[in-house]
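[1] need a structure here:
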Amino acid sequence: MALQINATNPEHPALLLELPWHLPLEEWPEEYLVPLPRGISRHVVRYARAGEEVIAVKELAERPALREYELLRDLDRLGIPSVDPLAVVTGRTDAGGAPLEPVLITRHLGGSLPYRSMFETTMRPATMHRLMDALAVLLVRLHLAGLAWGDCSLSNTLFRRDAGAYAAYLVDAETGELHPQLSRGQREYDLDLARVNISGELLDLEASGALHPSVDPVDFGTEICARYRDLWEELTRTSVYPAGKYHYIERRIRRLNELGFDVAEMQIEHSSHGDTVTFVPKVVDAGHHQRQLLRLTGLDTEENQARRLLNDLESWMASQDDYAPPGDPLAARPEVLAHRWVRDVFRPTVRAVPLELRGSMDPAEIYHELLEHRWYLSERAQHDIGLGTAVEDYITNILPKARETLQPVTPE
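    Residues are numbered from 1 along each chain as shown. Modelled structure (predicted):
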């Protein structure tokens, strides 16, 4: 059987053909590989370079490879945080003509880390709580979209910094099943698997001495269940309000927005006596702040980053009330002011931080860090020290110390 490459982009096959498909993945020469941290996997996985792309290559049987490829494409269309599928390569043979396993190729998620790399230095319990929050949000988003994961664990997740918190991404969808809607039993099964898997992974870390002594692996495995249920209840519960108190519905929607979710569809029913109103959020879409920031500025960020940048944008816009040149009333529109903020504030601030000191932080995370540092210095000085001063101090006193702990930028 001839080598076949099924790809999402017509440009990828030509780039992928340059890789040594005649060799088992374990035997690929170093010249093709990119030294990035890998998590534990039941399959052989390697990071490689294809043109300017860094890709993850995973060997597995043809049927599950094609199935996972299609499922990841579905998740991408649904806007679920997961790795991007690029291609499946089948028909591989070695130099003697013996068949080799097919591979699934996904795009490396820049700035992400597997959980074991995050535990190379002992992680504080507060940070671990943030990881559990991120994983709970991911699991809720998957279930709202109708995906039964079938193997929720830290090992099958990648984490990226998100304005002091973390964002979780699904990295292994091999056991996933997409349905129009999940039953409670399907959701509870996923949740029970998550509890067992996470407790087991943390027990393994404890045995190796990489776990903080105050962390109980079983308690943290159970925590994911509690955090998931609290979030699911808030997103899906039915509310009954007195008739005429429609601002209660608006308040509920605002609370969902603060959690990062949009109510895309709702059901409102009046009681037979007309004295109460029942409100049910029927469709809840994640990424409320992401979409708002993207619409205003064109910046594509994580959810918490977007929330922080929107707050700064709104503060800056409030200081621009007098910016309305005569004869140009459109100049004060939010979209126009947001463009000016990106051009005059966001980009110059980020560019002031030398590239070699940024580590794996993306521009939105750098800007968040600078806002945090500005707040800290202003609190200490008891007055606003300004963003420019904060940038100078951050570059001089903070980044050099933190550089060794940051994941290096993948070389171009």
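
[2] isn't residue 310 right next to residue 292, touching?
    Yes: counting by CB atoms under 8 Å, residue 310 touches residue 292, with 6.3 Å between them. (Glycine included, C-beta is placed from N, CA and C.)

[3] what's near enough to touch residue 22?
    Contact partners of residue 22, counting by CB atoms under 8 Å, 6 or more residues apart in numbering, are 92, 93, 94, 95, 100.

[4] element containing it?
    Secondary structure assignment for residue 22, by DSSP states H and E: no helix or strand.

[5] Likewise for residue 204?
    Going by DSSP H and E, residue 204 is in helix 184-208.

[6] so what secondary structure elements neighbour the following helix or strand past that helix?
    From helix 184-208 onward toward the C-terminus, using DSSP H and E, the following helix or strand is helix 217-236. Counting contacts by 3 or more CB pairs under 8 Å, 6 or more residues apart in numbering; DSSP states H and E, helix 217-236 is packed against helix 125-144, helix 184-208, helix 246-258, strand 276-286.

[7] on that earlier part again, which secondary structure elements does the helix holding residue 204 contact?
    Counting contacts by 3+ CB pairs under 8 Å, 6+ apart, helix 184-208 is packed against helix 125-144, strand 147-148, helix 217-236.

[8] Go through those and pick out the most buried.
    Highest mean neighbour count of the helices and strands packed on helix 184-208: strand 147-148, a mean of 22 (counted as mean count of other CB atoms under 10 Å).

[9] can you give me how far that strand is from the chain middle?
    Taking CA atoms, centre = their mean, to the nearest Å, the mean C-alpha location of strand 147-148 is offset from the chain mean by 18 Å.

[10] Repeat that for stretch 46-65.
    20 Å.

[11] Could you pull out the helices in the chain for me?
    Ranges of helices within the chain are 12-16, 62-77, 115-118, 125-144, 184-208, 217-236, 246-258, 288-297, 303-318, 334-341, 347-351, 363-381, 387-393, 399-402, based on DSSP state H.

[12] and the longest one with helix 125-144, angle?
    In terms of direction (axes from the mean of the first three to the mean of the last three CA atoms, to 10 degrees), helix 184-208 departs from helix 125-144 by 150 degrees.

[13] Measure how helix 184-208 sits relative to helix 217-236, angle-wise.
    150 degrees.

[14] So what touches helix 184-208?
    Taking CB under 8 Å, 6+ apart as the rule, helix 184-208 contacts 115-116, 119, 135, 139, 143, 148-155, 179, 211, 215, 217-218, 220-222, 224-225, 228-229, 232.

[15] that older thread, and the helices of the chain as TSV, adding distance to residue 36 and mean pLDDT?
    Output for those, formatted as TSV (distance: least, CB to CB, whole Å; pLDDT from 0 to 100):
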stretch	distance to residue 36	mean pLDDT
helix 12-16	18	74
helix 62-77	19	93
helix 115-118	9	82
helix 125-144	20	89
helix 184-208	20	93
helix 217-236	26	90
helix 246-258	35	81
helix 288-297	25	87
helix 303-318	22	87
helix 334-341	34	86
helix 347-351	24	93
helix 363-381	18	90
helix 387-393	29	91
helix 399-402	20	73
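
[16] nearest residue to residue 316 other than its sequence neighbours?
    residue 341 (5.3 Å; CB to CB, 6 or more residues apart in numbering).

[17] Wait, the one you found touches residue 293, no?
    No: at 10.9 Å, residue 341 and residue 293 do not qualify as touching, with contact defined as CB under 8 Å.

[18] out of the two, which sits in the busier spot?
    Neighbour comparison, residue 341 and residue 293: the larger count goes to residue 293, with 24 against 21 (by other CB atoms under 10 Å).
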